[in-house]
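K.L.:
sequence first, then the predicted structure, then my questions.
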Amino acid sequence: MPSPRSSRERRAGGSSGRLEFLSLSQRGPAAPDSPSRRREPAGAAAAPLPEEDCMKLNPSFVGIALSSLLAIDLWASKRLGVCAGEGSAWGSARPLMKVIEVSGHGIPWLLGTFYGLCQSDSSAAREVLLNLLFALLLDLVMVAVVKGLVRRPRPTHNKMDMFVTISVDKYSFPSGHATRAALVCRFVLRHLVLAVPLRVLVVLWALIVSISRVMLGRHNMTDVLFGLLLGYALYGVVEHCWLSPATAPALFALWSH
Ligand SMILES: CC(C)=CCC/C(C)=C/CC/C(C)=C/COP(=O)(O)O
């Protein structure tokens, strides 16, 4: 690669024998025969380079740490995507993973909760199920907002053959299944009286739904981790805004038989 010499010196046809230095903070014009310079039409003023052609020379420590984390995330998520296709290492487990996927999908949870609400014959059940419905809707809205803001594309190895999706589901951050799994898990553990083995099963279900998102190739690990945190935090919001016959009498009047 030719050394970056000044254009005047090149026009003069040779080196003055003096060393030249290009500091990072005072970037001079690109070397005349560098790829970026070659793209400029003759006589044109130096136009800003397209973003993909620019290299940040002094990224901050946080920038480097974040880029490294994202690189590790992409690499590890791709390696863990062992059910991403029929031909993948664990491709034969893909149908089972897709059943797990449906178990954490919004539609069965919304329909199931609504059905339970219509069938409930105690005021305690109605209160819990109404709040679960509110939690599930809040979760859908929050995930849609964050996905729409962040717009992180799904991993390239994902096959988009998911059971009913909405427009923002082309994005992957955060995982809607992971938020729902964490939210429902906290909600059920808090508001359903269950024997210990069932409580353990609920936690296991939430973990398996979350891990299956990466194994199916639907998500990177950071999508799922953030989804779990968001779902966990959303439960706090639901508890804070808890709907009861005292706080929302009109809503409860709708469901009283
Ligand atoms: C009432 C209403 C708008 C229901 C929509 C239910 C629905 C289609 C939810 C989408 C669930 C879904 C596919 C989430 C994506 O999960 P990821 O884990 O892949 O982010």
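P.N.:
Looks like it came in fine.

K.L.:
burial of the spatially closest residue to S88 that is not a sequence neighbour, as a residue count?
P.N.:
Spatial nearest neighbour of S88, excluding adjacent residues (C-beta to C-beta, 6 or more residues apart in numbering): V82 at 5.5 Å. From N, CA and C alone the C-beta is placed, and that goes for glycine too. V82: 17 surrounding residues under other C-beta atoms under 10 Å.

K.L.:
pick out the residue nearest the middle of the chain.
P.N.:
Computing the C-alpha centroid of the chain and ranking residues by C-alpha atoms, centre = their mean puts F173 first, at 1.5 Å.

K.L.:
helices of this structure, residue ranges please.
P.N.:
Per DSSP state H, the chain carries helices over the ranges 7-11, 35-38, 61-80, 94-103, 106-119, 123-150, 176-191, 196-215, 221-240, 249-255.

K.L.:
picking up where we left off before, can you give me the pLDDT of the residue nearest to S88?
P.N.:
On pLDDT, V82 comes in at 98.

K.L.:
tell me the contacts of it?
P.N.:
S88, A89, W90, A93, M215 (C-beta atoms under 8 Å, 6 or more residues apart in numbering).

K.L.:
report the buried members of these.
P.N.:
Among the contacts of V82, those that count as buried by neighbour count (16 or more other C-beta atoms under 10 Å) are S88, A93, M215.

K.L.:
can I get those residues in TSV with distance to G104?
P.N.:
Formatted as TSV, the buried ones among the contacts of V82 follow (distance: C-beta to C-beta, whole Å):
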residue	distance to G104
S88	21
A93	16
M215	13
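
K.L.:
returning to that earlier point: skip the chain neighbours and tell me the closest residue to the residue nearest to the centre of the chain.
P.N.:
R152 (3.9 Å).
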